[in-house]
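Asker: take this sequence and fold it.
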Amino acid sequence: MESREKGLACATCGGKGSVSGLSCTDCEIMLDNSAMPDFIKGNPVTLQPRKLAETEVCDICGKNLRHYAHLPSCTSKKLMKFDGDKPRADLLPAVATLEICRVLGYGARKYSAHNWRQCADPTRYTAAAMRHILAILSGERVDPETGYTHAAHAAACLMFVHELDQAKVDTSTQA
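Answerer: A predicted model of the protein is given here:
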């Protein structure tokens, strides 16, 4: 499908090529995707060539990225995504994470949002987590007060313990 039909056009080849990912399939120019929000809103967009630093090089083939033509053949061998050092949020289990969010929402309505940050003694949350774990071990899956699982409550409590502990570490390293 050509880019004109999709509402995306490449500024370098005059919109004759189709846009695939972040490059034009005809002229093989790497494109700047900063105009994508306009395209998502339904507006036709002409994508400009991506501006790169003079010394940026491809980590696959080592060529200077100012010379765009090599990129489609390089990227077909290996995906270029510079997120290797970022946390893998995609590994969080969605169902459990959403249940923890519901528990946090319940707590925010009952006490106030981020009220747990005021706790001077994180062992209170360790004890609360243990009570939820003991409830699970005694066969009770769901907290009768909230209707949410004890596992989600325990996970939320342990997240609080971790955050409060990390805040202490961060404060002590600043001194």
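Asker: show me the domain layout of the protein.
Answerer: Using automatic domain parsing, the domain parsing of the chain gives 3-77, 89-174.
Asker: weakest of those by average pLDDT?
Answerer: Among these, domain 3-77 carries the lowest mean pLDDT, a mean of 54.
Asker: next one: Thr123 relative to Asp165, how far apart?
Answerer: In this view, Thr123 and Asp165 are 11 Å apart by C-beta to C-beta, to the nearest Å. Using the backbone N, CA and C atoms, a C-beta is placed for each residue, glycine as well.
Asker: repeat that for Ser112.
Answerer: 22 Å.
Asker: quick one: buried residues of stretch 142-159?
Answerer: Using 16 or more other C-beta atoms under 10 Å as the test for burial, stretch 142-159 gives 143, 148-159.
Asker: in helices, which of those appear?
Answerer: Of those, the ones assigned to helices by DSSP state H are His150, Ala151, Ala152, His153, Ala154, Ala155, Ala156, Cys157, Leu158, Met159.
Asker: hang on, isn't the third one packed against Val103?
Answerer: Yes - in this structure Ala152 lies within contact range of Val103 using C-beta atoms under 8 Å: 4.8 Å.
Asker: helices of this protein, residue ranges please.
Answerer: Counting by DSSP H, the helices of the chain are 3-6, 36-40, 71-77, 94-110, 123-137, 150-174.
Asker: so which of the ones you listed gets nearest Lys86?
Answerer: Nearest to Lys86, of all these, is helix 94-110, at 17.5 Å by C-beta to C-beta.
Asker: which strands or helices does that closest one pack on?
Answerer: When contacts are defined as 3 or more C-beta pairs under 8 Å, 6 or more residues apart in numbering; DSSP states H and E, helix 94-110 sits against helix 150-174.
Asker: output the contacting helices and strands for the helix it packs on.
Answerer: helix 94-110, helix 123-137.
Asker: so Tyr148 sits right up against Val103, yeah?
Answerer: Yes - at 5.0 Å, Tyr148 counts as touching Val103 under the criterion of C-beta under 8 Å.
Asker: model confidence for Pro87, exactly?
Answerer: 87.
Asker: number of residues surrounding it?
Answerer: Close neighbours of Pro87, defined as other C-beta atoms under 10 Å, add up to 8.
Asker: Ile100: neighbour count?
Answerer: 21.
Asker: circling back to that earlier point, let me have the ones in helices among the buried residues of stretch 142-159 in a markdown table, adding distance to Ala89 as columns.
Answerer: Shown next, in a markdown table, are these (distance: C-beta to C-beta, whole Å):
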| residue | distance to Ala89 |
| --- | --- |
| His150 | 25 |
| Ala151 | 20 |
| Ala152 | 18 |
| His153 | 22 |
| Ala154 | 21 |
| Ala155 | 16 |
| Ala156 | 17 |
| Cys157 | 21 |
| Leu158 | 18 |
| Met159 | 14 |
